[in-house]
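**Q** Using only what follows, build the 3D model:
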Amino acid sequence: MRTTDPPPAYDPSPAYDLIAVPGLMALLGPLLAAEAAAEAYGGGTEPGDLEQAVWLRLLERLHRDGPPDDPQLWLRRAVRAEARRVRRTARRETALTREPADAGRHDPERLALAAARRRALRDAVRRLPGRCPGLLAALLSPHDPTYREIAGELGISQGSLGPERSRCLGCLRRLLAAEVAAG
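**A** Okay, here's the model as predicted:
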């Protein structure tokens, strides 16, 4: 069965004329870049992400309702609305600042291995030559002494602590490397 009715005529009213979109984008581009840069950092987002969200919102509006009556005013409001949305989302999201509860930090095996590593390090430090055992023991101290305090305790100048520390750490590296290779 054949119909002789002509196809329906094109009705441009439901969708915005896509030929005008590049012109509208060229008109609004610099304004959007400036508005997005001004709003983005206060909301913890990148200006490019904000621009992209507003362009998408504009294209959806053009398809649904046609162009806004005042494009610049619409754009400013859209940028602010997107920035508010990003801030609301960021407030609801919480960053993981600590290890998860089941990270096993108090696992007996992990604690025993950490204690064994600390013992091995302290034993290696004691076997170093010269002033190295005293210097590295002071640097590893839980009291966290300053360079001035360490220099006073060891009877050496504060300026020579850095080079001495470097030399001692080099000795410790060689000692531990030899033990690992032998083990």
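
**Q** what's next to the worst-scoring helix or strand of the chain on mean pLDDT, contact-wise?
**A** Using mean pLDDT, DSSP states H and E, helix 21-43 stands out as the lowest-scoring helix or strand of the chain, at a mean of 83. The contact list for helix 21-43 (CB atoms under 8 Å, 6 or more residues apart in numbering) reads 46-51, 54-55, 58-59, 62, 67, 71-72, 75-76, 79-80, 82-84, 86-87, 90. C-beta here means a position set from N, CA and C on the backbone, and glycine is covered the same way.

**Q** What residues of it count as buried?
**A** With burial defined by 16 or more other CB atoms under 10 Å, the residues of helix 21-43 counted as buried are 24, 28, 32, 35, 36, 39, 40, 43.

**Q** farthest pair in those?
**A** Largest separation among those by CB to CB: 24 and 43, giving 25.1 Å.

**Q** now, which of the buried residues of helix 21-43 sits nearest residue 174?
**A** Closest to residue 174, out of all of the buried residues of helix 21-43 and judged by CB to CB, is residue 40, at 51.5 Å.

**Q** returning to that earlier point: in JSON lines, list the buried residues of helix 21-43 along with distance to residue 164.
**A** Output for the buried residues of helix 21-43, formatted as JSON lines (distance: CB to CB, whole Å):
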{"residue": "24", "distance to residue 164": "69"}
{"residue": "28", "distance to residue 164": "64"}
{"residue": "32", "distance to residue 164": "59"}
{"residue": "35", "distance to residue 164": "58"}
{"residue": "36", "distance to residue 164": "54"}
{"residue": "39", "distance to residue 164": "54"}
{"residue": "40", "distance to residue 164": "50"}
{"residue": "43", "distance to residue 164": "50"}
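
**Q** Just the CA atoms of stretch 172-183, as PDB, please.
**A** Provided in PDB are the C-alpha atoms of stretch 172-183 (Å, rounded to 0.1, in the frame of the first residue of the first chain):
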ATOM      1  CA  LEU A 172      75.200   2.200  56.400                       C
ATOM      2  CA  ARG A 173      74.000   1.600  52.800                       C
ATOM      3  CA  ARG A 174      77.100  -0.400  51.900                       C
ATOM      4  CA  LEU A 175      76.900  -2.400  55.100                       C
ATOM      5  CA  LEU A 176      73.200  -3.200  54.600                       C
ATOM      6  CA  ALA A 177      73.600  -4.000  50.900                       C
ATOM      7  CA  ALA A 178      76.400  -6.500  51.800                       C
ATOM      8  CA  GLU A 179      74.200  -8.100  54.400                       C
ATOM      9  CA  VAL A 180      71.200  -8.400  52.000                       C
ATOM     10  CA  ALA A 181      73.500  -9.800  49.300                       C
ATOM     11  CA  ALA A 182      75.000 -12.300  51.800                       C
ATOM     12  CA  GLY A 183      71.600 -13.300  53.200                       C
END
